[in-house]
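Asks: fold the following and give me the result.
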Amino acid sequence: MTRNDQIDGNRDLIARAAGMLSTRKMGLGIKVEALKRPIAGSDWTLGVQTKGLVRIDMFVNDRPIGPPIDVTGNTMSQTVSVPAKIRLDGHNRQGLFARYQFWLDEHGNRSDLPPAPTARSE
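Replies: Residues are numbered from 1 along each chain as shown. Next up, the predicted model:
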């Protein structure tokens with residue numbers, strides 16, 4: 001338990017648990033594989049691996065970064081400026097299925113954020 005957990009409603013614990021759940025093997029989902037930084041500037045390229053998804057909606061600082069990205073071959077990449085809060089919404093053929101969000105700082109360090117609510121009902 002961290003100090004942040006004690007004073008901020010288990011924030012670090014929840015973020016760690018969310019990260020563990022988002023990276024476990026599952027039938028469908030999203031996994032951020034690689035972060036690459038170009039020689040200069042504050043842009044980073046995210047390599048994203050998907051399974052069973054047909055489309056990704058990407059948000060940077062809660063704003064869409066363009067039209068949905070069609071997933072071909074289970075991988076995609078996208079360049080983003082940092083620091084930023086990044087959210088990836090993965091859609092299968094039935095609609096929104098997986099959501100993954102994290103904070104990316106200017107050094108390429110990734111911190112998982114608690115999952116955002118999804119529109120999916122069980």
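Asks: residues contacting residue 90?
Replies: Going by CB atoms under 8 Å, 6 or more residues apart in numbering, residue 90 touches 28, 29, 30, 50, 53, 55, 56, 96, 97, 98, 99, 100. Where C-beta positions appear, they are placed from N, C-alpha and C, glycine not excepted.
Asks: assign it to helix, strand or coil.
Replies: Three-state assignment for residue 90 (DSSP: H, G, I helix; E, B strand; the rest coil): strand.
Asks: residue 76 versus that one, what's the distance?
Replies: 10 Å (CB to CB, to the nearest Å).
Asks: shared neighbours of these two, anything?
Replies: 50, 56.
Asks: so which of the contacts of residue 90 sits lowest on pLDDT?
Replies: Across the set of those, residue 28 stands lowest in pLDDT, at 51.
Asks: stretch 50-66: end-to-end distance?
Replies: For stretch 50-66, the first-to-last residue distance is 19 Å (CA to CA, to the nearest Å).
Asks: same thing with stretch 83-97?
Replies: 26 Å.
Asks: can you pull the buried residues of stretch 57-75?
Replies: The neighbour-count check on stretch 57-75 (16 or more other CB atoms under 10 Å) flags 57, 58, 59, 60, 65, 69, 71 as buried.
Asks: among the contacts of residue 90, name the ones in strands.
Replies: Judged by DSSP state E, the subset of those located in strands is 29, 30, 50, 55, 56, 96, 97, 98, 99, 100.
Asks: out of those, who's nearest residue 83?
Replies: Proximity of the ones in strands among the contacts of residue 90 to residue 83 (CB to CB) peaks at residue 100, which lies at 17.6 Å.
Asks: what's across from the closest one in the sheet?
Replies: Judged by DSSP bridges, the bridge partners of residue 100 are residue 88.
Asks: just the helices in the protein please.
Replies: Applying DSSP state H to the chain gives helices spanning 3-7, 11-23.
Asks: by mean pLDDT, show me the worst of those helices.
Replies: Among those, helix 11-23 carries the lowest mean pLDDT (a mean of 68).
Asks: and residue 17, how far is that from residue 73?
Replies: With CB to CB as the criterion, residue 17 and residue 73 are 31 Å apart.
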